[in-house]
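1. Fold the following.
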Amino acid sequence: MLLKTHFRDADYDIYCYTGGKAFDPALPTAVFIHGGQNDHSVWILQTRYFAHHGFGVLALDLPGHGRSQGPALATIEDISDWLSGLLDAAGVSKAILIGHSMGSLIALESAGRTGQSARIAGIALVGTAYPMKVADALLDAANNDQQSAIDTVNIWSHSTISPKPSAPGPGFYVQGASQRLMQRIAGKSTARPTVFYTDFAACNAYANGEAAAQAVTCPTLFLLGQHDVMTPAKAANGLIAAIKHGKVTRVEASGHALMAEQPDAVLDHLFKFATAATAVASPVAGD
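-> Numbering: from 1, shown residues only. Sure, this is the predicted structure:
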C-alpha cells in the first residue's frame, strides 16, 4: 500500500506492507518499524500472522528505504514527527508500535511525546539500547565503504554463522538474505551522506531516550537477543529502569537479528503482547 505523506514542505509516497490483507483502520493497528539499512521485509513472518489474526498491519519502509520516496531523515525526532503524519494519512487513531533497533528508538520517542502518546496503545522495543552509540570507524565505513559496513554489521547481528536449524526453510540463508537487503538499500542512491550513515548517525546522536522513557505510560515490551552484541541486553537497563511497568523478555539463541534467527519466538512474544495491550486500550463496555 502506498500512502501520500507531507513532511517539511515536501510530499512523499511511502510504502507500507499490510501483511497480505487490505489495511482496515477500524481494526487494532500494529505498526512495524524496521532498523537501520533495512526495510519492511525483515518483519514478513510476524506481519502476515498479525494481518490474518485480527490486526490491521502497517510495516513501513521509512523514507529513503525500500520502496519509499524521499531522503532518509536525519534524526529520531524527525522520524517520529513524520510517523505521526503517516498515521494521520492512514486514518489510525490507536496503534501498537513495534520497532527494531533504530525503529525501537522511534517507537520510544513517539510514545514519550505528549502530543502523540494518546494514540499509542503499546510499544515493543526489539533489540533496543540507550544510548545507541555507533563507533566512529563504523560511521565512517557506512558513509565511505558501505560493503565493509554491511559485512561488519551482518557478522555482529547474528549469533552464529549457521543457526540451528540452519534456516526456516530449504534454500534460505539467514546471513545472505540480510546482506542482500542491505546491499539493495545501498544501491538506491550514491549520494552522500548515505542512507546507512544517516541511520547510524541518527541512532548515535539521539539524546532524548531517558526523558522519553520516563514519560511512557503505555504497556511496554523489551524483547532482547540473549547473544546480541550490536545492542547488548544490558544496554537496555537504563530504559528498563525508567519504564518500570515494562516487561522484559530475552530470546535465547539469538543475536541482534531476532526476527530472522528466532522468527517463531519473536512472533509469539509480540502477538501475545499486542493482543494484551489492545485489550487494555479498548476495554469491553461496562468494564
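
2. Would you mind listing where the stretch 101-250 of the chain has pLDDT under the threshold?
-> 161-172 (pLDDT under 70).

3. Please enumerate the helices of it.
-> Using DSSP state H, counting those that start in this stretch, the helices of the stretch 101-250 of the chain run over residues 102-111, 136-144, 146-157, 174-186, 195-205, 209-215, 237-242.

4. Tell me which of those is the most buried.
-> Compared across the helices of the stretch 101-250 of the chain, helix 102-111 shows the largest average neighbour count, a mean of 28 (mean count of other CB atoms under 10 Å). Bear in mind the C-beta positions are built from the backbone N, C-alpha and C, glycine included.

5. Contacts only, for residue 258.
-> 100, 126-127, 223, 225, 228, 251, 266 (CB atoms under 8 Å, 6 or more residues apart in numbering).

6. what pairs with residue 251 across the strands?
-> On the basis of DSSP bridges, residue 251 is bridged to residue 225.

7. show me the contacts for it.
-> Counted by CB under 8 Å, 6+ apart, residue 251 has contacts 223-226, 258, 262, 265-266, 269.

8. go on, residue 204?
-> 132-134, 139.

9. can you check residue 133 too?
-> 203-204.

10. how close does it get to residue 223?
-> 21 Å (CB to CB, to the nearest Å).

11. How about residue 116?
-> Residue 116 is 22 Å from residue 223, by CB to CB.

12. ok, these two, which is more surrounded?
-> Per other CB atoms under 10 Å, whichever of residue 116 and residue 223 has more neighbours is residue 223, with 27 against 17.

13. Give me the buried entries from the contacts of residue 251.
-> 223-225, 258, 262, 265-266, 269 (16 or more other CB atoms under 10 Å).

14. got those as CSV, with distance to residue 71 columns?
-> Formatted as CSV, these follow (distance: CB to CB, whole Å):
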residue, distance to residue 71
223, 30
224, 31
225, 30
258, 28
262, 33
265, 35
266, 30
269, 34
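
15. ok, so of these, who is nearest residue 110?
-> residue 223 (17.4 Å; CB to CB).
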